[in-house]
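Colleague: Generate coordinates for the sequence data below:
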Amino acid sequence: MSGLFEHSHEEGDDDESRQKWGEEAQQTERSVRVSDPETRSSGLNKFTTYVVSGKTATGSDFSSRKRYSDFEWIQKALNNCFPGTFVPPLPKKQTMGRFEDAFIERRRQRLEEFLHRVFNRPYLASSQVFCAWLTRNESGMEELKRTFDKRPFTNCLSEFRQSLQPYIRSELLGSAKERLQQFRCFLGTHQAVLQKLYKALARLSANNVAATAVIGEIHEKMNELHEGETKFLTEAYELKQAPRANLGEPFFRLHQGLKDSPCSHVDLLVSVAARELDDIGCMQEAVRQYDRLIANVCNLKAQAESQGKELDSVRSSERGNMFAALVQRKGKEEQIDSIEKNIGKLKEDALTGDEWAALARAVLVTKEMPEFVIEKVRTYQDVMLEFSHRQQALHLQAGDVWRQFLRDFHEASQNTNAPIPPPLPPGVVGTERFRPSTDALGGTMDDFLTAQQRASMSAAAAASGGGVPGAPGYPLGSEEEPEDLSSIWTEEAGQG
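Modeller: Sure thing, here's the model as predicted:
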């Protein structure tokens, strides 16, 4: 499915594979791995490095160790070189527990995912800075950073134009500024709503996990209740059946059905929402990087204008700028020549920046914005369908559990000497069911006694010379029932 991790998620997936729902599928045959984490100490500084290995976009092998800060630098460098384009997110930083094995493994997986997503974008994967980063070893990283931080505007524009010009769809360039503003508003609103949704889903997931644990506890207590009552009635009254149905078995089956996913698969939606939030942050950074490019161009133009005023001042004075004349030992003509060169460089960079900004806006509006939203919709649809299928399976399973319970319950009712009392009529409280004088039961006590109990009660009645309410042949709820029967029960209960 588009936008999903290639692994097929079946029942029993572990937590790590579940967290990959919503992950972008690998779209290239080039492989890249992040492996062999190693934690080191350097003085008071402690950090973890990872081996990054594979083949570059040009097919060259690479293998070098990288720190998390190196990943941060390449992400920033790609944002600088490709303003207005989506650069994938990195795993978030963590202060506590960052050297624990579980955290290191999660970070390794997410760093590898970051590189897979970069390779999915040929213009990023084949860029000069990324290829250099892949092949540069630890000792050469600082030199690489210094070199690329000083790249001229013209080199950056040339690579940007060459890499992204084919992706620009001229038919979508109309109303580019208005569409960009709409996209800004959409991202902000969408992010706010998605954050609330993510928190709600996370709460639901946690509540489902807690509910699954409670279902397991209910199963145990139901069994204990059933066994205790059965033992008492069997030993004390020689009854052969339990007085109430045992719900322990259906609750046990429900708990077993939730064992593979205690949160009822809500973690699928939590995962896709979390990933989308991360991607929204990166898309907002792409827009901000475009804004920074515009601001940088404006700053270059402002500097060129300021230099022009300084040039006029130098030309109008006898010796030019006094600081340059006395400290730098520059004559007036030399000062003028230096300022004119600076102005020419600033104007050239401003023109380059204008062209770069126009291309970045075109890429952002015609490629990145629609692709981002469409891909998020596809990914959500895929996960939503899988979630719905799993919810359907869970509810069908629960329906089967209760259907089987009811079937067994009615079969047991038909095979026992003690019929299950009918439902209470409206207006009759639950405690009245157990009063011999109630009309709710109907029938006679014969239906609720064993042969031995009936014989014992008949003998007792004969010895006392009178009938016993509820004895064989004595109808429940008849007019002959003693009026003070409830008081007799109260006295017996007090004595008991």
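
Colleague: mind checking the longest helix of this structure?
Modeller: helix 176-237 (DSSP state H).

Colleague: Show the average pLDDT along it.
Modeller: In this model, helix 176-237 has a mean pLDDT of 92.

Colleague: ok, and what's touching the helix or strand just after that helix?
Modeller: Next in sequence after helix 176-237, counting helices and strands by DSSP states H and E, comes helix 248-257. Contacts to helix 248-257, defined as C-beta atoms under 8 Å, 6 or more residues apart in numbering, come from residues 212, 215-216, 218-220, 222-223, 226, 394, 397-398, 401-402, 404-405. (C-beta placed from N, C-alpha, C; glycine too.)

Colleague: which of those sit farthest apart?
Modeller: H226 and L394 (25.8 Å; C-beta to C-beta).

Colleague: where exactly do the strands run in the stretch 1-150 of the chain?
Modeller: Using DSSP state E, counting those that start in this stretch, the strands of the stretch 1-150 of the chain run over residues 32-42, 45-55, 61-67.

Colleague: Output those strands in CSV; the columns should cover mean neighbour count, distance to M96 and mean pLDDT.
Modeller: Listed next are these as CSV, based on neighbours: other C-beta atoms under 10 Å; distance: least, C-beta to C-beta, whole Å; pLDDT from 0 to 100:
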stretch, mean neighbour count, distance to M96, mean pLDDT
strand 32-42, 13, 15, 90
strand 45-55, 16, 13, 91
strand 61-67, 16, 19, 93
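
Colleague: Rebuild these as TSV, extending it with distance to A192.
Modeller: Converted to TSV, the strands of the stretch 1-150 of the chain look like this (distance: least, C-beta to C-beta, whole Å):
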stretch	distance to A192
strand 32-42	33
strand 45-55	34
strand 61-67	34
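
Colleague: Looking at the ones you listed, which is nearest to V270?
Modeller: With C-beta to C-beta as the measure, strand 32-42 is the member of those nearest V270 (24.2 Å).

Colleague: Any idea how many residues pack against K150?
Modeller: 7 (other C-beta atoms under 10 Å).

Colleague: try the one 5 residues further on
Modeller: Per other C-beta under 10 Å, the neighbour tally for N155 reads 13.

Colleague: how close does it get to P91?
Modeller: As for N155, its distance to P91 is 31 Å (criterion: C-beta to C-beta, to the nearest Å).

Colleague: Kindly report the same for R315.
Modeller: Applying C-beta to C-beta to R315 and P91 gives a distance of 57 Å.

Colleague: Comparing those two, which residue is more hemmed in?
Modeller: Legend: neighbour count by other C-beta under 10 Å for R315 and P91, higher for P91 (17 against 12).

Colleague: Does that one touch R106 like I think?
Modeller: Yes. Taking contacts as C-beta atoms under 8 Å, P91 lies within contact range of R106: 7.1 Å.

Colleague: What's the local residue count around E178?
Modeller: 10.

Colleague: my bad, should have said Y68
Modeller: Neighbour count of Y68, defined by other C-beta under 10 Å: 17.

Colleague: swap in the one 10 residues further on?
Modeller: By the measure other C-beta under 10 Å, the count of residues near L78 is 22.

Colleague: Point out where the stretch 201-350 of the chain drops to low pLDDT.
Modeller: Low-confidence segments of the stretch 201-350 of the chain (pLDDT under 70): 239-243, 322, 325-329.

Colleague: Go again with 80.
Modeller: The stretch 201-350 of the chain contains residues with pLDDT under 80 at 237-244, 318-332.

Colleague: same thing with the stretch 351-496 of the chain?
Modeller: 412-496.

Colleague: same thing but 70
Modeller: The low-confidence ranges in the stretch 351-496 of the chain, as defined by pLDDT under 70, are 416-496.

Colleague: okay, the angle between the longest helix of the chain and helix 248-257?
Modeller: Interaxial angle, helix 176-237 versus helix 248-257 (axes from the mean of the first three to the mean of the last three C-alpha atoms, to 10 degrees): 150 degrees.

Colleague: In the stretch 301-450 of the chain, mark out all the helices, start to finish.
Modeller: For the stretch 301-450 of the chain, the helices defined by DSSP state H, counting those that start in this stretch occupy 322-326, 332-363, 369-414.

Colleague: mind checking which of those helices is nearest L277?
Modeller: Closest among those, once you apply C-beta to C-beta, is helix 369-414, at 10.8 Å.

Colleague: What is that closest one packed up against?
Modeller: Here helix 369-414 touches helix 176-237, helix 248-257, helix 266-316, going by 3 or more C-beta pairs under 8 Å, 6 or more residues apart in numbering; DSSP states H and E.

Colleague: Report the angle between the longest one and helix 332-363.
Modeller: Our comparison of helix 176-237 with helix 332-363, counting by the same axes, to 10 degrees, yields an angle of 50 degrees.

Colleague: roughly how far is helix 176-237 from the heart of the chain?
Modeller: Centroid separation between helix 176-237 and its chain, computed with C-alpha atoms, centre = their mean, to the nearest Å, is 14 Å.

Colleague: quick one, that helix and helix 369-414 angle?
Modeller: Computed by the same axes, to 10 degrees, the angle separating helix 176-237 from helix 369-414 equals 10 degrees.

Colleague: What is helix 176-237 packed up against?
Modeller: Helix 176-237 sits against helix 248-257, helix 266-316, helix 332-363, helix 369-414, with contacts defined as 3+ C-beta pairs under 8 Å, 6+ apart.

Colleague: Those into JSON lines, with extra columns for distance to L124?
Modeller: Listed next are the helices and strands packed on helix 176-237 as JSON lines, based on distance: least, C-beta to C-beta, whole Å:
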{"stretch": "helix 248-257", "distance to L124": "44"}
{"stretch": "helix 266-316", "distance to L124": "12"}
{"stretch": "helix 332-363", "distance to L124": "12"}
{"stretch": "helix 369-414", "distance to L124": "14"}
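
Colleague: Which of the ones you listed sits closest to T58?
Modeller: helix 332-363 (23.1 Å).
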